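*Asks:* Structural data only, the sequence is not supplied:
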């Protein structure tokens, strides 16, 4: 006999827990035995995240006010009008967990999603190795880049690229400055937590070997590894679908990722709001079908995502396609151009959640049209 549940969420990530807190009668099934592990995230976010969730001071490890962009022969430092925040991702996820519990969400840890069919789901209780069956009204996949909910219900083809990151002890850091190496793999980074601990990593198709080469530049300094936080980045593409009737995808399960930076927390949290709004509106519409208040015009989650989220992700996708064409000399040209005050002012004024600033940069610096040959390539794919 199957148990009856209303809203089932697969994945107790930040995105899944946020969904659970916004939906009544919701249950989260999480494969791991603890929330917030393993950490596989750089943990850097823009201040725009405060438009979606509260960010208490205890969750913020550090504030970033500058980005140093480096190639092998040039560099430029860009200030930020609003600080970027380095999060304690474990605490961040655990706070979302506690908030979901307070809102009445039930959270089942050590439970692995197996399959679903005809509004019935099968999960495996990893503690006692027993299969459990439940019926549902809505199913949400928030189960990460290797999402089985997506695999079993959608035909999305999503490219994944490895990301190697280590949390290390590394003295002499400028705690207010993130250093970015755009010419290493997709890019490499050093993100300080304070003046002695940082997160150093790289996104690359050959991440492990490229990381070893990248790390060699710091061999003169002793670097003690504290924690491996490596994972994979699912790359957004415009052909991804997010809804199939009463089955929904959010976050990494459907590659809601800025391909320029690999970041997905902001748009994933934004999507959790959209999916909750859609399900709540559909529930109200169902209750009102026999009433005169029924409009029959509930906007689908897929339509909301394409209206509110993918318009940004598509531009990040196009920009990444351009950047993938760059050679070392191209990066040197760009970094030297970014020393121009008008371009630095634009970068300082806008955060990376909204990539429209690229068009303002093209107007301010026509020499960027040097890369028009790559732009044609990017927009043809």
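*Replies:* Done, it's in. Note that this is a predicted model, so its numbers are computed, not measured.

*Asks:* can you pull the contacts of the closest residue to residue 104 other than its chain neighbours?
*Replies:* Of all residues not flanking residue 104 in the chain, residue 24 sits nearest, at 6.7 Å (CB to CB, 6 or more residues apart in numbering). Where you see a C-beta, it was placed from the backbone N, CA and C, and this is true even at glycine. Counting by CB atoms under 8 Å, 6 or more residues apart in numbering, residue 24 makes contact with 6-7, 104.

*Asks:* Now list the buried members of those residues.
*Replies:* Using 16 or more other CB atoms under 10 Å as the burial test, the contacts of residue 24 include residue 7 as buried.

*Asks:* The contacts of residue 24 in strands, which ones?
*Replies:* Judged by DSSP state E, the subset of the contacts of residue 24 located in strands is residue 7.

*Asks:* I'd assumed residue 303 was in contact with residue 277.
*Replies:* No - here residue 277 does not reach residue 303: they are 11.8 Å apart, not a contact under CB atoms under 8 Å.

*Asks:* that older thread, possible to save the contacts of residue 24 as CSV with pLDDT?
*Replies:* Formatted as CSV, the contacts of residue 24 follow (pLDDT from 0 to 100):
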residue, pLDDT
6, 95
7, 97
104, 96
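
*Asks:* Out of the contacts of residue 24, flag the one nearest to residue 232.
*Replies:* Of all those, residue 232 sits closest to residue 7, with 27.6 Å by CB to CB.

*Asks:* Domain ranges for this structure, per the record?
*Replies:* For the chain, the domain assignment from automatic domain parsing gives the residue ranges 3-37+90-156+240-298, 44-87+159-234, 312-379.

*Asks:* just those domains: most buried one?
*Replies:* Mean neighbour count (mean count of other CB atoms under 10 Å) peaks for domain 3-37+90-156+240-298 among the domains of the chain, with a mean of 20.

*Asks:* What segments of this protein are helices?
*Replies:* Secondary structure of the chain (DSSP state H): helices at 14-22, 89-102, 148-153, 207-215, 265-287, 301-308, 310-323, 328-337, 341-349, 357-364, 372-379.

*Asks:* what about the residue nearest to the spatial centre of the chain, distance to residue 14?
*Replies:* Note on the chain: the residue nearest the mean C-alpha position is residue 264, at 1.3 Å, using CA atoms, centre = their mean. For residue 264, the distance to residue 14 (CB to CB, to the nearest Å) stands at 10 Å.
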